[in-house]
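**Student:** I would like to see how this sequence folds:
(one chain, ligands or ions: 2)
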Amino acid sequence: MLLLWLSLVAGVQGLIPVDNDVEPEYAVATDDDESTPSDYFVIFTVATEENDPFQRYVRSLKIFDMDQHLQTLGMNEKWLGGDMNYPGGGFKVNLLKKAMEQYKEEDDMIVMFTDSYDVIFLADREEIVDNFKSTGANFLISAENYIWPDQSLESQYPDIKGKKYLCSGMMMGYATTFWAILNYKEIENTFDDQLYYTHVYLDPNFREKHKIQLDGTSKIFHNLHGAEREIDFGFGSKRVTNWEQGTQPQVLHGNGPTKLSLNRFGNYHPKVFDPTEGFKGKCMVCDEKEGTINVEDTENLPTILTTMFITERTPFIDYFVNKTFTQNYPPEKWHVRIYNRVWGHADHIQELVNYHVTNGDKKFASFELKQPKETISKKISDLYQEGMSTCAELECGFYFVMDSVITLTDDNVLKDLIHWNKSVITTQLTQPGQYWSNFWGDVSKDGFYKRSTDYFNMVKRERLGLWNVAFVNHLVAIRGDVIKDKKVSYVNTKYDDSNYDVGFNSNARKNNVFLYMVNLKEHGHLKRMENYTSHRVHNDLWQIFTNTLDWKLNYIHPDFDKYLTKTRPEFPQPCPDVYHFPLLSTKFSWHIIHELESMPGDIFAGSGKTDDKRLQGGYENVPTVDVHFTQINFQQEWMKLLRDYVAPIQRLVFEGYSFHGNALLSFVVKYHEEGQRELRPHHDHSTFTTNTALNRQGIDYQGGGSYFIRQNCLVRDVDIGWTLMHPGRLTHYHEGKPITQGTRYILVSFNDP
Ligand SMILES: O=C(O)CCC(=O)C(=O)O
Ligand SMILES: [Fe+2]
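**Tutor:** Numbering: from 1, shown residues only. Ligands and ions are numbered 1, 2, ... in the order given. Below you'll find the predicted structure:
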């Protein structure tokens with residue numbers, strides 16, 4: 001026994017690197033030692049490059065401590081097995097034959113062969129070997145429902161339990177048997193390997209002599225093609241189960257058109273994500289450090305290129321450009337490009353560039369702005385492709401595509417994506433309150449959207465993790481080496497120019513590039529681009545219905561939310577029952593003034609008289625020089641603002657009353673030293689009034705202010721966007737104090753008249 005034992009161990013040395021300095025202890029090994037014969041195991045695979053699916057394969061082996069058994073054949077060698085899309089692969093058989101020669105007499109050794117790009121392991125060696133032994137076979141080959149590549153052999157297949165046709169992507173058995181199989185016949189490199197094994201299996205004498213079986217019931221191997229529905233996903237700690245056969249397969253093969261299915265299984269198994277832990281589940285792979293980039297190590301951060309693409313008219317374009325420029329990344333390692341294809345944005349973009357680049361303090365590694373005169377005649381896909389080639393020329397470590405449809409609300413997006421070190425990755429961006437996002441869980445045959453079973457769980461942010469998905473766009477980080485190796489491209493003649501992103505994703509999938517989406521952290525969202533008007537100066541002001549969240553980010557005062565949580569006694573009250581809070585942003589104030597002042601002629605002219613045709617009664621008791629929101633079609637927008645932001649504050653400060661949502665008169669008042677300077681004492685035609693400062697007392701004008709006569713109280717120094725809220729038709733008899741210099745703008749709304 002001991003003699004045989006030693007010869008076995010000699011074989012093991014070929015599999016596991018042995019440290020020569022260590023005294024070999026195996027000669028005195030006991031049965032439960034590491035090097036018992038059950039250890040005598042090797043897994044072969046053939047792979048010519050260490051791409052994403054190969055890394056997934058190796059990780060699945062590592063999870064079960066089996067990577068030590070792996071021998072990869074053909075790595076970095078030229079593939080001689082013909083076109084992978086057609087029958088071929090005899091090359092695999094010949095590589096195996098060469099590698100197996102050394103084990104040809106090892107009759108206790110168990111050898112496994114699997115494909116790697118479309119295979120994952122789901123169990124450990126012990127379970128696999130035990131299951132193998134329980135079959136009584138000397139050699140076990142995986143089975144499927146379809147005959148390939150030679151249908152004419154149909155009648156020769158023996159009937160067995162479960163699936164009866166052979167698939168050569170996964171097999172295992174004793175080394176001596178495998179050797180016999182590999183030597184059944186000579187095989188050309190370009191001959192089909194599956195057909196080779198089929199001939200072996202369909203030779204009844206050979207099959208019986210060598211006890212060759214197919215694994216018809218997925219005891220070990222499960223091929224997904226035509227058998228996806230037999231499989232119960234099993235989650236995290238639970239196993240993938242073939243409920244039709246009552247088995248728990250240990251190796252899963254995404255053969256044929258089931259690659260995306262396998263990707264989905266691979267999002268959970270082995271030990272990738274466990275949705276059973278807690279409500280949201282647990283991303284197990286997210287905790288793995290191996291292969292990731294430490295983005296805290298600023299010295300060693302990769303050089304990057306970010307490219308902003310503006311290919312359609314975009315609301316809140318300045319927010320998009322600003323948030324890109326202010327990302328947290330060392331500028332000396334950061335190249336920036338802008339491709340603008342929209343004439344209407346050209347001047348604005350130039351201004352933003354002047355601010356951030358020409359006059360900014362960040363000195364970028366390089367910068368270029370391409371305006372419509374250069375970009376408009378080019379195809380969109382060519383612009384994206386050009387950006388990518390620039391990245392290759394600049395030897396960048398990562399290339400970021402950033403489309404103007406995105407809104408980033410976080411400054412660490414670049415680093416957070418680089419961290420994962422993936423070939424292609426995005427962060428989940430979704431239209432607020434919608435299921436429209438920047439990734440697809442699955443694609444149909446034609447390459448377009450298809451819902452995956454877990455898409456909603458991700459979009460609703462119920463499952464947070466790192467996901468291998470079918471399609472990503474709008475914010476995409478692509479690793480430099482993937483670009484250099486030409487595995488990704490925006491050029492794809494199958495799709496028209498407007499579907500440049502569909503073409504990109506299709507190319508990537510074809511080239512075994514995984515497309516990741518991470519949703520651990522909320523980095524931003526997507527805007528809606530439809531219904532965007534173009535006839536205003538500040539069209540964004542009218543976006544409160546279409547892009548409500550962006551409207552808030554841009555036009556509501558940054559401190560507004562803090563006041564929602566205050567109690568009434570905490571609320572600033574400059575005069576009795578006159579409350580004071582930050583409502584609108586400085587940007588809103590500037591935009592609304594600018595919008596009115598850029599209208600042709602003088603839109604304020606003609607107002608300020610008691611006869612007022614704009615009013616239903618045609619008469620205004622205490623007229624101001626003003627513009628009513630009805631005049632600029634802003635009334636509905638303003639009412640929404642009242643409902644969404646003013647009403648909750650009103651309920652807080654005037655307890656027991658609830659805003660009815662009416663406001664017939666909302667207007668911008670202009671006091672000017674040469675026009676109307678003041679407003680005489682009056683009551684407002686409202687239950688409560690809001691009065692918002694749109695410019696600065698002491699800078700833009702002198703004097704002014706709201707004076708509450710009965711309370712003998714003047715409020716003068718109101719910051720931009722801050723709003724006074726006071727009772728209207730009773731108790732707060734008030735006047736507008738005269739300005740002594742400049743122009744004063746206020747926004748007044750008579751609420752619930
Ligand atoms: O000038 C002010 O602050 C008061 C304006 C006012 O009372 C009004 O427009 O009704
Ligand atoms: Fe008033």
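**Student:** quick one, what contacts residue 462?
**Tutor:** Residues in contact with residue 462, defined by Cβ atoms under 8 Å, 6 or more residues apart in numbering, are 279-280, 456. C-beta here means a position set from N, CA and C on the backbone, and glycine is covered the same way.
**Student:** Just give me the closest of those to residue 170.
**Tutor:** residue 456 (32.8 Å; Cβ to Cβ).
**Student:** That closest one and residue 432, how far apart?
**Tutor:** Applying Cβ to Cβ, to the nearest Å, the value for residue 456 to residue 432 is 16 Å.
**Student:** again, but for residue 247
**Tutor:** Counting by Cβ to Cβ, the gap from residue 247 to residue 432 is 45 Å.
**Student:** So which of the two has more stuff around it?
**Tutor:** The neighbour comparison of residue 247 against residue 432 (other Cβ atoms under 10 Å) goes to residue 247, with 20 against 15.
**Student:** how far away is the more buried one from ligand 1?
**Tutor:** Residue 247 sits 79 Å away from ligand 1, taking Cβ to the nearest ligand atom, to the nearest Å as the criterion.
**Student:** Residue 188 too?
**Tutor:** Taking Cβ to the nearest ligand atom, one finds residue 188 at 92 Å from ligand 1.
**Student:** How many residues are close by the closest residue to that residue other than its chain neighbours?
**Tutor:** Spatial nearest neighbour of residue 188, excluding adjacent residues (Cβ to Cβ, 6 or more residues apart in numbering): residue 90 at 5.2 Å. For residue 90, the neighbour count with other Cβ under 10 Å is 22.
**Student:** Same check on residue 545?
**Tutor:** 12.
**Student:** Show the pLDDT at the residue of the chain found nearest ligand 1.
**Tutor:** Distance from ligand 1 to each residue of the chain (Cβ to the nearest ligand atom) is smallest for residue 736, at 2.7 Å. pLDDT, residue 736: 98.
**Student:** ok, now which ones touch it?
**Tutor:** 624, 669, 671, 678-679, 704-707.
**Student:** can you check residue 164 too?
**Tutor:** 143, 157-158, 214, 216.
**Student:** one more time with 6 Å
**Tutor:** residue 157 (Cβ atoms under 6 Å, 6 or more residues apart in numbering).
**Student:** Residue 527 too?
**Tutor:** Counting by Cβ under 6 Å, 6+ apart, the residues that residue 527 touches are 315, 405, 407, 547, 550.
**Student:** do the same with residue 686
**Tutor:** Residues in contact with residue 686 (Cβ under 6 Å, 6+ apart) are 728, 750-751, 753.
**Student:** Bridged to residue 46, which residues?
**Tutor:** Residue 46 has these beta-bridge partners by DSSP bridges: residue 73.
**Student:** who touches the lengthiest strand in the chain?
**Tutor:** Longest strand in the chain, counting residues (DSSP state E): strand 739-751. For strand 739-751, the surrounding residues in contact (Cβ under 6 Å, 6+ apart) are 593, 663, 665-673, 677, 684-686, 688-692, 694-695, 700-704.
**Student:** for the stretch 351-500 of the chain, what spans make up the strands?
**Tutor:** 366-370, 398-403, 406-408, 424-427, 439-440, 442-443, 449-450, 466-469, 471-472, 475-479 (DSSP state E, counting those that start in this stretch).
**Student:** Of those strands, which shows the lowest average pLDDT?
**Tutor:** strand 449-450 (a mean of 92).
**Student:** For the contacts of residue 736, I'd like a selection string for ChimeraX - just the buried members, please.
**Tutor:** A single ChimeraX command is used to select the members of these judged buried by 16 or more other Cβ atoms under 10 Å:
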select :624,669,671,678,679,704,705,706,707
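**Student:** that older thread, could you export the strands of the stretch 351-500 of the chain to a markdown table, including columns for distance to ligand 1 and mean neighbour count?
**Tutor:** Below are the strands of the stretch 351-500 of the chain laid out as a markdown table (distance: least, Cβ to the nearest ligand atom, whole Å; neighbours: other Cβ atoms under 10 Å):
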| stretch | distance to ligand 1 | mean neighbour count |
| --- | --- | --- |
| strand 366-370 | 44 | 15 |
| strand 398-403 | 43 | 25 |
| strand 406-408 | 35 | 23 |
| strand 424-427 | 46 | 26 |
| strand 439-440 | 50 | 24 |
| strand 442-443 | 58 | 18 |
| strand 449-450 | 52 | 15 |
| strand 466-469 | 54 | 25 |
| strand 471-472 | 52 | 26 |
| strand 475-479 | 45 | 25 |
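**Student:** Now render the ones you listed as TSV, adding distance to residue 526.
**Tutor:** Formatted as TSV, these follow (distance: least, Cβ to Cβ, whole Å):
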stretch	distance to residue 526
strand 366-370	24
strand 398-403	9
strand 406-408	6
strand 424-427	11
strand 439-440	11
strand 442-443	19
strand 449-450	15
strand 466-469	16
strand 471-472	13
strand 475-479	9
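**Student:** Residue 138: which of those is closest?
**Tutor:** Closest among those, once you apply Cβ to Cβ, is strand 466-469, at 36.6 Å.
**Student:** So which elements touch that closest one?
**Tutor:** strand 515-518 (3 or more Cβ pairs under 6 Å, 6 or more residues apart in numbering; DSSP states H and E).
**Student:** Which secondary structure elements does the strand it packs on sit against?
**Tutor:** Strand 515-518 packs on strand 424-427, strand 466-469, going by 3+ Cβ pairs under 6 Å, 6+ apart.
**Student:** what packs against the first one?
**Tutor:** In this structure, strand 424-427 makes packing contacts with strand 475-479, strand 515-518, judged by 3+ Cβ pairs under 6 Å, 6+ apart.
**Student:** Residues contacting that strand, please?
**Tutor:** Contacts for strand 424-427 (Cβ under 6 Å, 6+ apart): 417, 438, 472, 475-478, 508, 513, 515-518, 523.
**Student:** so residue 521 is in which element?
**Tutor:** Using DSSP states H and E, residue 521 maps to neither a helix nor a strand.
**Student:** Look up how far residue 308 lies from it.
**Tutor:** For residue 521 relative to residue 308 (Cβ to Cβ), the value is 22 Å.
**Student:** In terms of neighbours, single out the busier of these two.
**Tutor:** residue 308 (23 against 12).
**Student:** is it true that the more buried one touches residue 337?
**Tutor:** No: using Cβ atoms under 6 Å as the test, residue 308 is too far from residue 337 to be in contact (7.3 Å).
**Student:** what does the stretch 501-650 of the chain put close to ligand 1?
**Tutor:** residue 624 (Cβ under 6 Å from any ligand atom).
**Student:** what bits of the stretch 501-650 of the chain have low per-residue confidence?
**Tutor:** Along the stretch 501-650 of the chain, the model assigns pLDDT under 70 to no residue.
**Student:** show me what contacts residue 342?
**Tutor:** Applying Cβ under 6 Å, 6+ apart to residue 342 gives the contacts 310, 313.
**Student:** what does this structure put close to ligand 1?
**Tutor:** 624, 669, 679, 684, 691, 706, 734, 736, 746, 748.
**Student:** cutoff 5 Å now
**Tutor:** 706, 736, 748 (Cβ under 5 Å from any ligand atom).
**Student:** Could I get the full set of strands for the stretch 101-250 of the chain?
**Tutor:** Using DSSP E, counting those that start in this stretch, strands in the stretch 101-250 of the chain cover 110-114, 119-121, 139-144, 165-174, 212-215, 221-223, 231-232, 241-242.
**Student:** Now do the third one: which elements does it pack against?
**Tutor:** I take that to be strand 139-144. strand 165-174, strand 212-215, strand 221-223.
**Student:** ok, the longest one: who's next to it in the sheet?
**Tutor:** Spelled out, it's strand 165-174. Here, using DSSP bridges, strand 165-174 pairs with strand 110-114 (antiparallel), strand 139-144 (antiparallel).
**Student:** is it possible to export those strands to JSON lines including distance to residue 573?
**Tutor:** Below are the strands paired with strand 165-174 laid out as JSON lines (distance: least, Cβ to Cβ, whole Å):
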{"stretch": "strand 110-114", "distance to residue 573": "74"}
{"stretch": "strand 139-144", "distance to residue 573": "77"}
